[in-house]
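Participant: A structural model of the following input is requested.
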Amino acid sequence: MAKEAIYYDVIETIKAKIDDYKQLVKFRLSLTVVISSVLAYLISASWNSSLKEIMFLTLGGFFVTGASNALNEVLEKDFDKMMKRTENRPLPTGRMSVSEAVIAAGWMSVLGIVLLATLNPLAGLLGAISLVWYSFLYTPIKRISPFSVMLGAVPGALPVLIGCVAFDGRITALAILLFGIQFFWQFPHFWAIADLGRADYKKAGFKVISDKADAKTLGLQSLLYATVLLPIIFGLFAMNYIGLFNVIFLTVLTLAYMWFCNSFKKKQTRKAALQVMFSSFIYLPLFLLAMVIEQFL
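Facilitator: As a prediction, the model looks like this:
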């Protein structure tokens, strides 16, 4: 019985440590980022896709994103204690030391950048830029100015750019247009989350939204940025990256996204903000998946 108890304790300890590392790297978020990058690669490569390149892109992208998130949590550990959403992370609770998190971030950053650079040097460089920009530019400015949201949207949109570059080895018109889609998509997504967590952000001293920016203002800004997605779609069509069916489908998809943003502006309720947030979770993968399907057909 004693051996069984020890075995059980070891298993539980390992499971708890895995859960802590999943929180450190923000596993679900990192996975979402990697998926968008791989979908962008498939759009660029189509039938020329390489399983080896996809594997390197997946692992490299995950490690770079995980390292960025880990460094973000190291830098914000004292502020995470003040927010209900983040107070149970491993660093604020003391379940993981800062040195352990930094070492993990260091290994992940090296492995991630090397894997991306193996695809081509530009992919590795963009991965490194994304990590540094997110961790050491966006993260500290969150406590200074709402302009941090604009800064954060750059590394937030780099995954699709890296995905295209992983295949092409250069920044193409397609890569720029997909970057634009993911860049502008983020604003309604983030402002809905910011409105929902307004009290927490204020308590922790994060100035991601202005004190004067009420739900109506955030809803209006969300609608304006979602509207910018339409001309990018028409640009994809004009440059023959998508056909007639997809230009119609993606336009309807974007109009639905805009509708939720407009509802947020008009109703200014928690439910309306949640609808924008959940619609944003659906919008980007569905957009990219529609383009992948067209490329393979």
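Participant: Outline the domain layout of the chain.
Facilitator: Per the record, the chain has its domains at 1-170, 172-297, by automatic domain parsing.
Participant: Could you dump these into CSV and include mean neighbour count and mean pLDDT?
Facilitator: Using the backbone N, CA and C atoms, a C-beta is placed for each residue, glycine as well. Output for the domains of the chain, formatted as CSV (neighbours: other C-beta atoms under 10 Å; pLDDT from 0 to 100):
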stretch, mean neighbour count, mean pLDDT
domain 1-170, 18, 94
domain 172-297, 18, 95
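Participant: who touches the helix or strand containing Lys203?
Facilitator: Assigned by DSSP states H and E, Lys203 belongs to helix 198-204. Applying C-beta atoms under 8 Å, 6 or more residues apart in numbering, the external contacts of helix 198-204 come out as Phe79, Asp80, Met82, Met83, Lys84, Arg85, Ala194, Val208, Ile209, Asp211.
Participant: Distance of the nearest residue to the fourth one once chain neighbours are set aside relative to Ser46?
Facilitator: This means Met83. Spatial nearest neighbour of Met83, excluding adjacent residues (C-beta to C-beta, 6 or more residues apart in numbering): Asp200 at 4.1 Å. Applying C-beta to C-beta, to the nearest Å, the value for Asp200 to Ser46 is 43 Å.
Participant: which ones are touching Leu126?
Facilitator: The neighbours of Leu126, taking C-beta under 8 Å, 6+ apart as the test, are Leu116, Leu158, Leu161, Ile162, Val165.
Participant: Confirm for me that the fourth one is in contact with Gly124.
Facilitator: No. Look at Ile162 against Gly124 with C-beta atoms under 8 Å: they stay out of range, at 9.3 Å.
Participant: Please name the nearest non-neighbouring residue to Ala123.
Facilitator: Among residues not flanking Ala123 along the chain, Leu116 sits closest, at 4.4 Å (C-beta to C-beta, 6+ apart).
Participant: The one you found contacts Met55, doesn't it?
Facilitator: No. Using C-beta under 8 Å, Leu116 makes no contact with Met55, being 12.0 Å away.
Participant: Need phi/psi at Ile35.
Facilitator: Taking degrees, to the nearest 10, you get phi -60, psi -40 for the backbone angles of Ile35.
Participant: Output the contacting helices and strands for the helix of greatest length in the chain.
Facilitator: Counting by DSSP state H, the longest helix found in the chain is helix 270-296. On a contact count with 3 or more C-beta pairs under 8 Å, 6 or more residues apart in numbering; DSSP states H and E, helix 270-296 meets helix 27-45, helix 173-196, helix 215-227, helix 244-267.
Participant: Next, the angle from the second one to helix 27-45.
Facilitator: When you say that, I think you mean helix 173-196. On the basis of axes from the mean of the first three to the mean of the last three C-alpha atoms, to 10 degrees, helix 173-196 is oriented at 160 degrees to helix 27-45.
Participant: Tell me what angle helix 173-196 forms with helix 244-267.
Facilitator: Between helix 173-196 and helix 244-267, the angle comes out at 20 degrees (the same axes, to 10 degrees).
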